[in-house]
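K.L.:
next comes the sequence, and after it the predicted model I'd like to discuss.
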Amino acid sequence: MPTPKALTTDSAARYEIRLQGTLTPGWANCLDTASIRVESQPGAAPITVVTGAFQDQAALAGALNLLYDLGLPLLSVACIDIEPDQLV
């Protein structure tokens, strides 16, 4: 039986961060993340989706602070996967 994964404050994990507004892909290096994409639908504000791995929740908080400083409203943050070497 496999060991269940548990998220802790020092777990490396992948997150999806959704923001209202547009963030260019050039910000990916500043956020230590793999991808930035913008979703847009007619008549609605654009949504930027940032997906990437963060070494721990302190790194995630740093990324969220940077995004806050850019003035993009935060819509959601979701942990989408815990890195395999972080099994408990």
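P.N.:
Received it, and whenever you're ready, just let me know what you need.

K.L.:
what about the helices in the chain?
P.N.:
57-69 (DSSP state H).

K.L.:
pLDDT below threshold where in it?
P.N.:
Applying pLDDT under 70 to the chain picks out residues 1-4, 33, 84-88.

K.L.:
rerun at 90
P.N.:
Within the chain, the ranges that satisfy pLDDT under 90 run 1-8, 11, 24-34, 41, 81-88.

K.L.:
just list whatever residues bridge to Ala78.
P.N.:
Taking DSSP bridges as the rule, Ala78 bridges to Glu16.

K.L.:
state the distance from it to Leu7.
P.N.:
Note on Ala78: its distance to Leu7, by C-beta to C-beta, to the nearest Å, is 12 Å. Placement of C-beta: from N, CA and C, glycine included.

K.L.:
and for Gly52?
P.N.:
Distance of Gly52 to Leu7, computed by C-beta to C-beta: 16 Å.

K.L.:
compare neighbour counts for the two and give me the winner.
P.N.:
Taking other C-beta atoms under 10 Å, Gly52 and Leu7 do not tie; Gly52 has more neighbours (19 against 12).

K.L.:
I'd say the more buried one and Asp32 touch.
P.N.:
Yes: at 6.7 Å, Gly52 and Asp32 qualify as touching, with contact defined as C-beta atoms under 8 Å.

K.L.:
can you tell me the closest non-neighbouring residue to Leu23?
P.N.:
In space, and not counting its chain neighbours, Leu23 is closest to Thr48: 4.3 Å by C-beta to C-beta, 6 or more residues apart in numbering.
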